[in-house]
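Chemist: I need the structure of the sequence given here:
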Amino acid sequence: MQKITLTTILFFLVAFLFICQPEELNAEELTLTASQILEKCDDVINAPTDQDLRIKLILIDKKGKEKMREMSMLQKGNDKRMVKFLSPADQRGIAFLSLPDDIMYLYLPAFKKIRRIASHVKNTKFAGSDFTYEDMEAIRYSKKYIPELLKKEENHYVLQLKPREGVKTDYSKLVMWVRMDNFYPTKIEHYNKGDKLYKIMISKKIEKVNGYWISKEYEMEDLKAEHKTRMMILDVKFDSGLSDDKFTKRYLSR
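Modeler: Take a look at the predicted model:
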């Protein structure tokens with residue numbers, strides 16, 4: 001039997017360390033940046049070609065009193081969204097349209113009038129809910145915000161998002177918790193121009209439907225008003241081939 005010398009052992013040890021070193025470097029190279037995390041998050045929440053949702057809204061005041069709303073929401077790609085109220089009767093027909101380049105319209109059936117929503121009133125609450133017009137628009141976060149990775153916490157990436165130069169927003173920043181396993185956002189803190197936390201959105205009942213991750217329930221809380229809005233998805237259809245005609249001012253008033 002051939003003797004294994006100390007020199008041979010040292011040779012194999014050095015060779016082993018040399019072989020392993022590139023794998024360690026590769027692992028470091030695969031560490032995601034804040035921008036990559038946010039891009040992946042955008043890709044997940046906007047993955048379907050289009051979305052057709054039926055939603056129940058529950059408005060909850062500080063005394064626990066509830067008001068119900070029901071609406072439909074259509075989305076195509078990541079920059080077109082149409083929302084129409086179905087009930088109650090006094091809200092039925094109110095509609096909101098979000099288009100690319102920060103263009104938004106509101107239709108009020110009582111006045112039979114379509115009006116464009118100016119940038120300075122995007123922070124107005126949408127139909128009495130805790131979601132503003134800005135919250136309701138269809139966007140990619142990575143297009144609007146510059147991300148910074150604050151920390152990793154309980155299987156989440158925690159990102160701070162600050163508006164890009166030239167972006168008109170009522171928020172000084174957002175802090176977003178993104179799941180590490182599927183890149184779905186589970187919590188977003190909204191800070192006002194004074195850099196004070198005033199709204200928190202929580203995503204609940206996150207599950208996969210027809211191959212796409214979706215939250216079946218959202219809750220937006222206005223800390224100052226002590227008011228909450230719960231958004232519950234009752235029905236969802238993906239990739240149904242929605243036409244561009246459904247995202248026009250003409251369809252808004254139908």
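Chemist: pull the number of nearby residues for residue 102.
Modeler: 16 (other C-beta atoms under 10 Å). (Glycine included, C-beta is placed from N, CA and C.)
Chemist: hmm, it is touching residue 117, no?
Modeler: No. In terms of C-beta atoms under 8 Å, residue 102 does not count as a neighbour of residue 117; the distance is 9.5 Å.
Chemist: do you know how far the residue lying closest to residue 91 once chain neighbours are set aside is from residue 106?
Modeler: Take residue 91 and drop its neighbours on the chain: the residue closest to it by C-beta to C-beta, 6 or more residues apart in numbering is residue 85, 4.4 Å away. For residue 85, the distance to residue 106 (C-beta to C-beta, to the nearest Å) stands at 11 Å.
Chemist: go on, residue 137?
Modeler: 12 Å.
Chemist: do the same with residue 168
Modeler: Applying C-beta to C-beta, the value for residue 168 to residue 106 is 17 Å.
Chemist: higher neighbour count, the two?
Modeler: Neighbours per residue, other C-beta under 10 Å: of residue 168 and residue 106, the larger number sits with residue 106, 20 against 12.
Chemist: what about that one, is that helix, strand or coil?
Modeler: strand (DSSP: H, G, I helix; E, B strand; the rest coil).
Chemist: tell me if the residue nearest to residue 91 really is in a helix.
Modeler: No. Going by three-state DSSP, the assignment for residue 85 is strand, not a helix.
Chemist: that one contacts residue 71, doesn't it?
Modeler: Yes. Shown here, residue 85 and residue 71 form a contact pair, counting by C-beta under 8 Å, at 4.8 Å.
Chemist: stretch 186-202: which residues count as buried?
Modeler: Neighbour-count burial for stretch 186-202 flags 186, 188-191, 199-202 (criterion: 16 or more other C-beta atoms under 10 Å).
Chemist: skip ahead from the helix or strand bottoming out on mean pLDDT in the chain and say which helix or strand is next.
Modeler: Least confident element among the helices and strands of the chain, by mean pLDDT, DSSP states H and E: helix 6-29 (a mean of 43). Counting by DSSP states H and E, the next helix or strand C-terminal to helix 6-29 is helix 34-45.
Chemist: list of residues touching that next one?
Modeler: Residues external to helix 34-45 that are found in contact with it (C-beta atoms under 8 Å, 6 or more residues apart in numbering): 32, 78, 140-142, 145, 147-149, 157, 159, 161, 176, 178, 182-185, 213.
Chemist: could the C-alpha coordinates of it be exported in CSV?
Modeler: In CSV, the C-alpha atoms belonging to helix 34-45 read as follows (Å, rounded to 0.1, in the frame of the first residue of the first chain):
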residue,chain,number,x,y,z
ALA,A,34,-32.0,46.7,-2.8
SER,A,35,-32.8,47.5,-6.5
GLN,A,36,-32.9,43.8,-7.5
ILE,A,37,-35.2,43.0,-4.5
LEU,A,38,-37.6,45.7,-5.5
GLU,A,39,-37.6,44.7,-9.1
LYS,A,40,-38.4,41.2,-8.2
CYS,A,41,-41.2,42.4,-5.9
ASP,A,42,-42.6,44.4,-8.8
ASP,A,43,-42.4,41.4,-11.1
VAL,A,44,-44.4,39.3,-8.6
ILE,A,45,-47.2,41.7,-7.9
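Chemist: pull out the buried positions in it.
Modeler: Within helix 34-45, the residues that count as buried by 16+ other C-beta under 10 Å are 34, 37-42, 44-45.
Chemist: which other helices and strands does the helix or strand encompassing residue 230 contact?
Modeler: Here residue 230 sits within strand 227-238, counting by DSSP H and E. In this structure, strand 227-238 makes packing contacts with strand 50-60, strand 212-222, judged by 3 or more C-beta pairs under 8 Å, 6 or more residues apart in numbering; DSSP states H and E.
Chemist: quick one: closest of those strands to residue 206.
Modeler: Among these, the nearest to residue 206 by C-beta to C-beta is strand 212-222 (5.0 Å).
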